[in-house]
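S.K.: Here is my input; please provide its structure:
(4 chains)
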Number of protein chains: 2
Amino acid sequence: MAEKERGPRERMVFSAAQLIRRDGVAATGMRDVVAHARAPRGSLRHYFPGGKEQLVNEAVDWAGRYAAARVARFLAGMPQPSPSGLFAAMAAQWIDEYGSVGFEAGGCPVAAATVDCSRAAESTREAAAAAFARWTAPVARALADMGVPAARAEPLATLMISALEGAILIARAERDVRALTTVTRELGPLLDAAATPPPDGPTT
Amino acid sequence: MAEKERGPRERMVFSAAQLIRRDGVAATGMRDVVAHARAPRGSLRHYFPGGKEQLVNEAVDWAGRYAAARVARFLAGMPQPSPSGLFAAMAAQWIDEYGSVGFEAGGCPVAAATVDCSRAAESTREAAAAAFARWTAPVARALADMGVPAARAEPLATLMISALEGAILIARAERDVRALTTVTRELGPLLDAAATPPPDGPTT
DNA sequence: GCTTCTCTATGACAGTCGTCATACTAGAAC
DNA sequence: GTTCTAGTATGACGACTGTCATAGAGAAGC
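M.R.: Alright, predicted model coming up:
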């Protein structure tokens, strides 16, 4: 997460995503965001006339695009891509962060937004759904490229992201990456088996 | 979730769990809880001298016990218990609610508490971890009873709860039970396969 | 009858939140 | 030089929040 010299607006969205994934949406104040982004408070209203809701939505949107970009990067860095390898890379992103930086930075911003305001703010709920969709698409496409039948590519991608999100949740609660490593180990064979259809054909 | 004529204290814990899973911890005020529980506001301080943190912790604790009890009930109601059947029953609890009552009631209180205050309130984080543990234990025990090797019973239980929690999250965001049904369908064979060791033995 | 204890009622406190109104700066347009 | 506009600064507003202090009901004990 390298931050170049981006404009104040972009920095605020980025900071909002970071604070949301750490403390949740409701506990993240707009004053906290501008302070974290070292952005002028006077610009808040200028860049986000829609108020906090707009800022949160853009942060969720940013997180969705970021996750999708990470998937592409993982695939580009894998000489022999496999479904289990992709999932392991996705999980390793979290395992590594929790192992090195610790659990302070929090979980997934999209999950936090879903939990906090899927009922209160309809637009935020839609943003979260869009983020999940934007994240699932490249995973499903990658699975299909690895030989997973087209009909199972997206369901398996949904399973991967579900298991990952849930494991992140448990890992945060336990302050232990156990859930993440466990899910990676247990789900891998299933994913790889789907990529190599049974040699004797789909008899049953 | 039938509510008998319980005391005000119990009603408040129950209402807190309901409101937390709907709106999140931060967005749930103590005044909202007493109103929802139709409990006297003056008793708040009396029953929960530890303030909001204590109330939230007890709600999370209640949710963990409730989830564990549900697992036991599912098992008792299954004539021929199987891992996939158990997971399907766990997921069906959410699919049915979302299908009948709608998505308004929200998600899992433990997940909400983890997202909202795993960083702010250490005791709440511990309560969430305990709730996950209390939920995982009966699932792992049931898997072992169904023939899953002891070494894989708990990992698979963690996988089940992870996938379920993640699917709940996605379902809420999408306002569609698709993720829940998908996860049920895709994870079932893997779970059942673990309960019946390969007939030719573990050669590889 | 009096005390004691549990439970309830009510109002106020200090703090924080998101929002908004107003005014100032800097630079480009022409 | 004037005008316009994007961006910044600052302070205040009302509406909350959790917490607390104080006081009252009402049964139990004896």
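
S.K.: And the contacts of stretch A:89-105?
M.R.: If you take Cβ atoms under 8 Å, 6 or more residues apart in numbering or on different chains as the criterion, stretch A:89-105 is touched by A:18, A:21-22, A:70-71, A:74, A:77-78, A:160, A:164, A:167-168, A:171-172, A:175, A:177, A:180-181, A:183-184, B:118-119. (C-beta placed from N, C-alpha, C; glycine too.)

S.K.: Going through those residues, which ones are buried?
M.R.: A:18, A:21-22, A:71, A:74, A:160, A:164, A:167-168, A:171-172, A:177, A:180-181, A:183-184, B:118-119 (16 or more other Cβ atoms under 10 Å in any protein chain shown).

S.K.: Now, these that are in strands?
M.R.: Per DSSP state E, strands hold no members of the buried ones among the contacts of stretch A:89-105.

S.K.: can you tell me which of the residues you listed are in helices?
M.R.: Members of the buried ones among the contacts of stretch A:89-105 lying in helices (criterion: DSSP state H): A:18, A:21-22, A:71, A:74, A:160, A:164, A:167-168, A:171-172, A:180-181, A:183-184.

S.K.: which of the residues you listed come close to DNA strand C?
M.R.: With the criterion set as Cβ under 7 Å from any atom of the strand, no member of these is near DNA strand C.

S.K.: Return the residues of chain A in contact with DNA strand C.
M.R.: Counting by Cβ under 7 Å from any atom of the strand, chain A sits next to DNA strand C at A:28-32, A:42, A:44-45, A:51-53.

S.K.: and with 10 Å instead?
M.R.: A:16, A:23, A:25-35, A:41-42, A:44-46, A:48-56, A:121 (Cβ under 10 Å from any atom of the strand).

S.K.: could you pick out which of those are near DNA strand D?
M.R.: Okay, of the residues of chain A next to DNA strand C touching DNA strand D (Cβ under 10 Å from any atom of the strand), that's A:26, A:31, A:34, A:41-42, A:44-46.

S.K.: Could I have the buried ones of the residues you listed as ChimeraX selection syntax?
M.R.: In ChimeraX, this line selects whichever of these come out buried by 16+ other Cβ under 10 Å:
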select /A:26,34,44
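
S.K.: Which single one of the ones next to DNA strand D among the residues of chain A next to DNA strand C is nearest to chain B?
M.R.: Closest to chain B out of these is A:Ala26 (3.5 Å), distances taken as Cβ to the nearest Cβ.

S.K.: Which of the three states applies to the closest residue to that closest one other than its chain neighbours?
M.R.: By the measure of Cβ to Cβ, 6 or more residues apart in numbering or on different chains, the closest residue to A:Ala26 outside its immediate chain neighbours is B:Ala26, 3.5 Å from it. Put simply, B:Ala26 is coil when judged by DSSP: H, G, I helix; E, B strand; the rest coil.

S.K.: ok, B:Ala26 - contacts?
M.R.: Going by Cβ under 8 Å, 6+ apart, the list of residues near B:Ala26 reads A:24-27, A:116, B:116-117.

S.K.: again, only this time at 6 Å
M.R.: Going by Cβ atoms under 6 Å, 6 or more residues apart in numbering or on different chains, B:Ala26 touches A:24, A:26-27, B:116.

S.K.: Please verify my assumption that A:Phe48 contacts A:Val56.
M.R.: No: counting by Cβ atoms under 6 Å, A:Val56 is not a contact partner of A:Phe48; they are 9.5 Å apart.

S.K.: Need the per-residue pLDDT for A:Gly64.
M.R.: pLDDT recorded at A:Gly64 is 98.

S.K.: now it, nearest residue through space, not along the chain?
M.R.: A:Ala131 is the one closest to A:Gly64 (Cβ to Cβ, 6+ apart), at 2.8 Å.

S.K.: and the gap between the residue nearest to A:Ala26 and A:Gly51?
M.R.: Per Cβ to Cβ, to the nearest Å, B:Ala26 is found 17 Å from A:Gly51.

S.K.: Also A:Ala127?
M.R.: 14 Å.

S.K.: Name the SS class of A:Glu104, please.
M.R.: Classified using three-state DSSP, A:Glu104 is coil.

S.K.: That one: how many residues sit nearby?
M.R.: Residues near A:Glu104, counting by other Cβ atoms under 10 Å in any protein chain shown, number 9.

S.K.: Could I get the buried residue list for the one helix or strand A:Lys52 maps to?
M.R.: Per DSSP states H and E, A:Lys52 falls inside helix A:51-76. Buried positions in helix A:51-76, judged by neighbour count with 16+ other Cβ under 10 Å: A:52-64, A:66-68, A:71, A:74-75.

S.K.: cool, and stretch A:131-144?
M.R.: Per 16+ other Cβ under 10 Å, stretch A:131-144 contains these buried residues: A:131-132, A:134-136, A:138-144.

S.K.: So what touches that stretch?
M.R.: So stretch A:131-144 is contacted by A:60, A:63-64, A:67-68, A:71-72, A:75, A:83, A:110, A:150, A:153-154, A:156-157, A:161, B:170, B:173 (Cβ under 6 Å, 6+ apart).

S.K.: same thing with stretch A:47-57?
M.R.: A:9, A:16, A:25, A:30, A:121, A:123-124, A:127.

S.K.: How far does the worst-scoring helix or strand of chain A on mean pLDDT sit from its chain's centre?
M.R.: Ranked by mean pLDDT, DSSP states H and E, the weakest helix or strand in chain A is helix A:44-47, scoring a mean of 94. Chain-centre distance of helix A:44-47: 27 Å, with Cα atoms, centre = their mean, to the nearest Å.

S.K.: Please apply the same query to stretch A:101-116.
M.R.: On the basis of Cα atoms, centre = their mean, the separation between the geometric centre of stretch A:101-116 and that of its chain is 9 Å.

S.K.: Then stretch A:58-70?
M.R.: The mean C-alpha position of stretch A:58-70 is separated from the chain mean by 7 Å, Cα atoms, centre = their mean.
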